[in-house]
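With the sequence up front, the predicted model follows.
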Amino acid sequence: MASKSENGIVETVKTVVWALLIAGVFRTLFFQPFWIPSGSMKDTLLIGDFLFVNKMAYGYSKHSCPFSACPIEGRLFGSEPERGDVVVFRHPTRGVDFIKRVIGLPGDTIQVIDGVLQINGTPVKLADGGKFEEVMELQGPQGSKPRCENDPVGQGGLCVKSRKLETLPNGVTHSILNISDTWVADNTPVFTVPEGQYFFMGDNRDNSEDSRFPAASGGLGFVPAEFLIGRADRVMFSAAGRSLFFFWTWRPERFFKGIE
């Protein structure tokens, strides 16, 4: 006959197992973890930010379905993405996950002229946002270095970028960064977003591989709705070092920070 102590251990183990199972199901069905690997969304998202992607925001597709080999065409339930949403999606040709901001909706025309975004022929509103400053050092597990407006910057120096506050036609305001006024994507042709597809851009405008680069030339191009995985709403954890275990590199001011 089992003792009370043995029964207590068994019940504890059962509780832990059930808790892990529930957490696993919750994660699989509703949320997907995502680490920010690059600086393309600075300063909204920094390298080393950790977040959960809301997979229910736009409904399930074959790329966000929680089960392998889901035979889903299109999307099941959920709302449509809104301009300004920060979204994780599967790259249509490379099969890897990207995170960018929704700029163009189906039917929109998008163009960049002298670094200023034009939506349906109208330039977006811009306001001065001061400067974004960071230390020139290796960032994140990939050990990448930031690009700077004040280059050349030596190791340990202050890397500076101009920051603007960009307001989209639906009133969403977010910050964007500028490194150069003559970057290859500071002037683009007019893009017309096809039905059922979206145009994405990174907030770090001169350091983002996004829909300004057509898929035909090896870029991202337009992203069909079925490739959307979910919306990023909040940073849960953030570490500036090459490992999350380097607690001295944690950025507690970014813990549970809402994504705008």
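Received it, and whenever you're ready, just let me know what you need. Note that this is a predicted model, so its numbers are computed, not measured.

Pairing partners for the helix or strand that residue 164 is a member of, with directions?
Taking DSSP states H and E as the criterion, residue 164 maps to strand 158-167. Its sheet considered, strand 158-167 pairs with strand 125-135 (antiparallel), strand 173-178 (antiparallel) by DSSP bridges.

Might you calculate how far stretch 135-147 sits from the centre of the chain?
In terms of Cα atoms, centre = their mean, to the nearest Å, the centre of stretch 135-147 is found 18 Å from the chain centre.

Give the buried residues for that stretch.
Buried residues in stretch 135-147, defined by neighbour count with 16 or more other Cβ atoms under 10 Å: 136, 139-140, 146-147. Where you see a C-beta, it was placed from the backbone N, CA and C, and this is true even at glycine.

Just the ones in strands from the residues you listed, please.
Using DSSP state E, no member of the buried residues of stretch 135-147 sits in strands.

got these as CSV, with distance to residue 188 and pLDDT columns?
Converted to CSV, these look like this (distance: Cβ to Cβ, whole Å; pLDDT from 0 to 100):
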residue, distance to residue 188, pLDDT
136, 29, 94
139, 28, 89
140, 29, 84
146, 24, 93
147, 20, 92
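
Export the residues you listed as JSON lines, with columns for distance to residue 255.
Shown next, in JSON lines, are the buried residues of stretch 135-147 (distance: Cβ to Cβ, whole Å):
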{"residue": "136", "distance to residue 255": "25"}
{"residue": "139", "distance to residue 255": "18"}
{"residue": "140", "distance to residue 255": "17"}
{"residue": "146", "distance to residue 255": "22"}
{"residue": "147", "distance to residue 255": "27"}
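
from what I can see residue 210 touches residue 100, true?
Yes. The pair residue 210 / residue 100 is scored as a contact, 5.5 Å apart, by Cβ atoms under 8 Å.

Which one's more surrounded, those two?
Neighbours were counted for residue 210 and for residue 100 using other Cβ atoms under 10 Å; residue 100 has more, 24 against 20.

following the helix or strand that one falls within, which helix or strand comes up?
Assigned by DSSP H and E, residue 100 belongs to strand 97-104. Next helix or strand after strand 97-104 toward the C-terminus (DSSP H and E): strand 109-113.

tell me which helix or strand of the protein sits lowest on mean pLDDT?
Every helix and strand in the chain was compared by mean pLDDT, DSSP states H and E; the lowest is helix 4-30, with a mean of 47.

In terms of secondary structure, what does the strand holding residue 100 contact?
Contact here means 3 or more Cβ pairs under 8 Å, 6 or more residues apart in numbering; DSSP states H and E; on that basis strand 97-104 packs against strand 86-90, strand 116-119, strand 197-201.

Show me what the next helix or strand after the second one is packed against.
When you say that, I think you mean strand 116-119. For strand 116-119, the following helix or strand on the C-terminal side (DSSP H and E) is strand 122-123. Helices and strands touching strand 122-123, by 3+ Cβ pairs under 8 Å, 6+ apart: there are none.

ok, strand 122-123: who's next to it in the sheet?
Paired neighbours of strand 122-123 in the sheet (DSSP bridges): strand 116-119 (antiparallel).

Low-confidence regions, this protein specifically.
Residues of the chain that meet the criterion pLDDT under 70 lie in 1-29, 60-78.

which residue ends up closest to the midpoint of it in space?
Most central in the chain under Cα atoms, centre = their mean is residue 99, positioned 3.0 Å from the mean C-alpha point.

How about that one: what's its closest non-neighbour residue?
residue 88 (4.8 Å; Cβ to Cβ, 6 or more residues apart in numbering).

since we're on residue 183, how many residues are nearby?
By other Cβ under 10 Å, 15 other residues sit near residue 183.

circling back: just want the angle from the strand holding residue 100 to strand 197-201.
Using axes from the mean of the first three to the mean of the last three Cα atoms, to 10 degrees, the direction of strand 97-104 lies 100 degrees away from that of strand 197-201.
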